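Novice: got a structure for you, letters missing:
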């Protein structure tokens, strides 16, 4: 997969919290005392850390926000989106509608592949990594659209990668990169070309 360099850069703020102790996350300056108690409802530590990490990123980079009727978190002066997978959370901010998705590359069952991909996409997805390239492209596209998944995933366009796609009458441009064993895709409602820049967070 090639790399692109354009004038427009979208920053991906990434927090890899797998090895960050829970108490360190809870005592971050970006988690307020009032926010700590609600996390206690999550009894599985991995789930609790995921919720804390997401809150940390939104508090640090977004501040106040609310959800639209489709459940997408939004604020009045910027567009943003968050995604997480197996101990990593990512956040993007933009002036146009934007979606991001991150997935850990892992074995894919044939039934899932058939459910998610079209015939063309299935031919492209000849290993686990290429499958998740397609999957994250679909997820990021739907998240940029902001209305949620209303059809079977195989009907959502996952190709071409790193290019423009039309979805529900609007043009979106997407870029896909890797972070270790993870695939990350960003999709923007724009015809403007762009590149991605990873910014690693440290708590």
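Specialist: Received the coordinates, thanks. This is a predicted model, so every value here is computed, not measured.
Novice: my read: residue 189 touches residue 170, true?
Specialist: Yes - applying CB atoms under 8 Å, one finds residue 189 in contact with residue 170, separated by 5.8 Å. (Glycine included, C-beta is placed from N, CA and C.)
Novice: who's more crowded, those two?
Specialist: Of the pair residue 189 and residue 170, residue 189 is the one with more neighbours under other CB atoms under 10 Å, namely 19 against 13.
Novice: tell me how far that one lies from residue 169.
Specialist: Residue 189 sits at a distance of 11 Å from residue 169 (criterion: CB to CB, to the nearest Å).
Novice: hey, where'd the strands end up in this structure?
Specialist: According to DSSP state E, the chain carries its strands in the segments 9-16, 66-67, 73-74, 79-85, 88-94, 98-104, 164-167, 170-179, 182-188, 195-200.
Novice: among those, which is the most enclosed?
Specialist: Neighbour counts (mean count of other CB atoms under 10 Å) averaged over each of these peak at strand 182-188, with a mean of 27.
Novice: correct me, but residue 86 touches residue 132?
Specialist: No - using CB under 8 Å, residue 86 is not in contact with residue 132; the gap is 11.9 Å.
Novice: neighbour count: these two, which is higher?
Specialist: Higher neighbour count among residue 86 and residue 132: residue 132, with 28 against 14, using other CB under 10 Å.
Novice: how about the contacts made by that one?
Specialist: By CB atoms under 8 Å, 6 or more residues apart in numbering, residue 132 lies in contact with 103, 105, 108, 183.
Novice: try 6 Å this time
Specialist: Under the criterion of CB atoms under 6 Å, 6 or more residues apart in numbering, the contact partners of residue 132 comprise 103, 105, 183.
Novice: one more: residue 14?
Specialist: By CB under 6 Å, 6+ apart, residue 14 lies in contact with 90, 198, 200.
Novice: surely the second one meets residue 11?
Specialist: Spelled out, that is residue 198. No - counting by CB atoms under 6 Å, residue 198 does not reach residue 11; the two are 8.0 Å apart.
Novice: grab the most central residue of the chain for me.
Specialist: residue 101 (2.4 Å; CA atoms, centre = their mean).
Novice: okay, that one and residue 120: tell me how far apart.
Specialist: The gap separating residue 101 from residue 120 is 20 Å, by CB to CB.
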